[in-house]
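Novice: coordinates only, sequence not included:
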């Protein structure tokens, strides 16, 4: 026993001595260390550049002989299986495309996706992402912010970008977000259009306003007026009948966030846009007047309101087409007209234009398979024929006939498509959403939106619940931003 | 004497060989990252890619930023608050259970089953527990609201997730609930290491249960108590998973512990690795100072009790984050 202990002690002290030696070595030689590191990475990037160019040449050769990428792998990084599934579909419809697809899917929950993707991009090499998806909340970081140096211009992927954008009539806000301001080149585009509308319950509309016609309801809630005055009038009417106008303040936040004139950060400084600051008052007003059920978006209570099973019934939600497809429909408590709230919905233009969410597809500039990557990206984001992804996506034929219909970025495709949904009582949603897409503004995003929004919404909740006063909430918000982000706060 | 030394040399060869895997793994996965962390605390390493990493002109700039940051002070306050609120009941309950389970006169039936049940929360993943509690106490609809309403205790849903003290309390409770079983097992093993003759003698002398506990059991498990205290302190000050997953450090930063703060520095958007490293070093120093104080306070004094320690060392096996 005792001997063992001594042996252990010797081993441990040996470890300590060894560690001290190595410790001194690395700490005293940091400068040389890092420089050698740098040169090493330079060497590898240089090497991979060479590879890329030689590969480009060879892949050109192979594409002419029509056997693209046998045995080679394209790495795809995404936060849902949506983009990977599209690429699978691309392979299905393009049998001559022989690349293997390796997908890495990391959910955005708890901010897990970005650090992982950043590391993978920075590390480079064999396993680096070739194609990666970015969500609206953080896409700016990859197209215009800190990580934009990794994004490959579409032009370099063999795509005639500008001409194709014009032909497909891609929604302008999508292009704005996907354009790198330094080079002026498009590095990312979406396939979905996420312009938002007001999605409301027909039965409640009839009860409270005597009509469920989208045009008349649009009038009642002040669609396109740019302010919330008529919306609150409608809320008062609804309250008199025992309804809430929205489920929680989060519903209004998404409309306010993307309709503001400036983003959270301007020239490296924190900027609270007046419209966003006014959200404090809107949230308080909603709560004090009992216009909502005080839910938080994505909570159980929020979903319950979609079934009409909350404390009081809720008139509507703000959102783009995906909210109908992926959130309202699965949570409405039924799958056919008459079950739950299915079929009891309609869409009309919102008081202020906004967009919410969306996915942009980017390519890694260090990718060695640019040609192949370009084929995939072109098919997903710019192909406006009936064989392209967007046509299938808009008409719900992606997973076979009768699937989910969604708005797409290309207005050309939307014009060719039919957006009639039974869920919306037979309304053609493209009529409303097509217009909504052109109202959306893509110039008020920043790469810190996800984090800053979390802080802001937290403080707004504190204020509207009466836990602290308005000035303290704003001061605490600024403090949080100052302490956690490299953003100057005045 | 000489002979003994001889045999040691022979054994030590195997000692070296067997410890190689550990030493290598330690050097690569622990020591190197630690040193790396220390170094980047003094540099300008910020953002996903820092073009040129160099030591700052004022090497302690990051440390100064952290120490003067109200958010860090708030995080420290939260950490100590949550740890304190969880540890006091935890050690008391663990001591009570230890006293019951090791009582020779009671000799409780089905001890194994109880121990398993009490230890159970520790086996469940922290993430699961955090999410579970989040949905239990959600607002405006959740099981807790339903139960309180049906019992007639509340007429309107209570906004639990907005209340700072409530959320801190929940985090503290989760920590307490997850770790009292572990603490109890450690304490039991400590008690089992006490020489039974002492208990026999006490019995013969007619000592009451309370007397035995306070005058024999407690003084004899002092080193074990020290171990529990120190590991729990370290684990508690590094508390991360529950607060991060329960409310993302909110509401209003009420459950932002020092580790959540460090994580936010590094990964919430600006990638301020240098500041995160500096904050980690500050935490390291705080933990070191506090542990030393504990060691000092609980050092073995020549006061007649502290005699045995060799036997108890056996139970020092598991090292880790008892919070």
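Specialist: Structure received. Just so it is clear, the model here is predicted, and its values are computed rather than measured. Numbering: from 1, shown residues only, chains lettered A, B, ... in the order given.
Novice: hmm, the lengthiest helix in chain B touching chain A?
Specialist: Criterion DSSP state H: the longest helix present in chain B is helix B:70-101. Yes. Helix B:70-101 lies within reach of chain A by Cβ under 8 Å from any Cβ of the partner chain, at B:70-72. For every residue, glycine as well, the C-beta is placed using N, CA and C.
Novice: what is the nearest of the residues you listed to residue A:221?
Specialist: residue B:71 (40.2 Å; Cβ to Cβ).
Novice: now the closest one. Nearest residue, chain neighbours left out?
Specialist: residue A:483 (3.7 Å; Cβ to Cβ, 6 or more residues apart in numbering or on different chains).
Novice: avg pLDDT for the stretch of helix or strand that neighbour belongs to?
Specialist: Assigned by DSSP states H and E, residue A:483 belongs to helix A:470-484. Mean pLDDT, helix A:470-484: 93.
Novice: now do it against helix B:70-101, angle only.
Specialist: Helix A:470-484 and helix B:70-101 are oriented at 90 degrees to each other (axes from the mean of the first three to the mean of the last three Cα atoms, to 10 degrees).
Novice: elements contacting helix A:470-484?
Specialist: Other elements packing on helix A:470-484 under the criterion 3 or more Cβ pairs under 8 Å, 6 or more residues apart in numbering or on different chains; DSSP states H and E are strand A:269-270, helix A:279-288, helix A:449-464, helix B:70-101.
Novice: next SSE downstream of the longest helix of chain B?
Specialist: Downstream of helix B:70-101 (by DSSP H and E), the next one is helix B:111-123.
Novice: return the set of buried residues in that following helix.
Specialist: B:114-115, B:118-119, B:121-122 (16 or more other Cβ atoms under 10 Å in any protein chain shown).
Novice: how about stretch B:28-46?
Specialist: Buried-residue list, stretch B:28-46, by 16+ other Cβ under 10 Å: B:31, B:35, B:37-46.
Novice: now, which of these lie close to chain A?
Specialist: Restricting these to those near chain A by Cβ under 8 Å from any Cβ leaves B:31, B:35, B:38-39, B:46.
Novice: among those, which pair sits farthest apart?
Specialist: B:31 and B:46 (24.5 Å).
Novice: buried residues, stretch A:72-86. List them.
Specialist: Quick answer for stretch A:72-86 (16+ other Cβ under 10 Å): A:74-80, A:82-84, A:86.
Novice: before we move on, back to that, could I get the ones next to chain A among the buried residues of stretch B:28-46 as TSV with secondary structure?
Specialist: Listed next are those as TSV, based on DSSP: H, G, I helix; E, B strand; the rest coil:
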residue	secondary structure
B:31	helix
B:35	helix
B:38	helix
B:39	helix
B:46	coil
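Novice: heading C-terminal from the helix-or-strand element of chain A with minimal mean pLDDT, find the next helix or strand.
Specialist: Using mean pLDDT, DSSP states H and E, helix A:30-64 stands out as the lowest-scoring helix or strand of chain A, at a mean of 37. For helix A:30-64, the following helix or strand on the C-terminal side (DSSP H and E) is strand A:73-78.
Novice: next to chain A, which bits of the stretch 151-300 of chain B? Give me the list.
Specialist: So far as Cβ under 8 Å from any Cβ goes, the stretch 151-300 of chain B lies against chain A at B:157, B:159, B:161-164, B:244-245, B:248, B:250-253, B:264-265, B:267-272.
Novice: cutoff 7 Å now
Specialist: By Cβ under 7 Å from any Cβ of the partner chain, the residues of the stretch 151-300 of chain B that approach chain A are B:159, B:162, B:248, B:250-253, B:264-265, B:267-270, B:272.
Novice: quick one: which of those residues sit in helices?
Specialist: Checking those against DSSP H, those in helices are B:264-265, B:267.
Novice: who wins on neighbours among these?
Specialist: residue B:265 (30 neighbours; other Cβ atoms under 10 Å in any protein chain shown).
Novice: excluding chain neighbours, what is closest to it?
Specialist: Nearest to residue B:265 is residue B:276, by Cβ to Cβ, 6+ apart, at 4.0 Å.
Novice: now do the contacts for that neighbour.
Specialist: Neighbouring residues of residue B:276 by Cβ atoms under 7 Å, 6 or more residues apart in numbering or on different chains: B:262, B:265-266.
Novice: with respect to residue B:76, which of the residues you listed is nearest?
Specialist: For the contacts of residue B:276, with residue B:76 as the reference and Cβ to Cβ as the criterion, the closest is residue B:262, at 11.4 Å.
Novice: isn't that closest one up against residue B:279?
Specialist: Yes. Under the criterion of Cβ atoms under 7 Å, residue B:262 makes contact with residue B:279 at 4.8 Å.
Novice: which one's more surrounded, the two?
Specialist: residue B:279 (29 against 23).
Novice: how about a markdown table for the helices and strands packed on helix A:470-484, with mean pLDDT and mean neighbour count added?
Specialist: What follows is those, written out as a markdown table (pLDDT from 0 to 100; neighbours: other Cβ atoms under 10 Å in any protein chain shown):
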| stretch | mean pLDDT | mean neighbour count |
| --- | --- | --- |
| strand A:269-270 | 93 | 15 |
| helix A:279-288 | 94 | 18 |
| helix A:449-464 | 91 | 22 |
| helix B:70-101 | 94 | 19 |
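Novice: TSV for those, including distance to residue A:121?
Specialist: Below are those laid out as TSV (distance: least, Cβ to Cβ, whole Å):
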stretch	distance to residue A:121
strand A:269-270	27
helix A:279-288	34
helix A:449-464	18
helix B:70-101	29
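Novice: which among those is found nearest to residue A:223?
Specialist: helix A:279-288 (17.3 Å).
Novice: many thanks, I have nothing further to ask.
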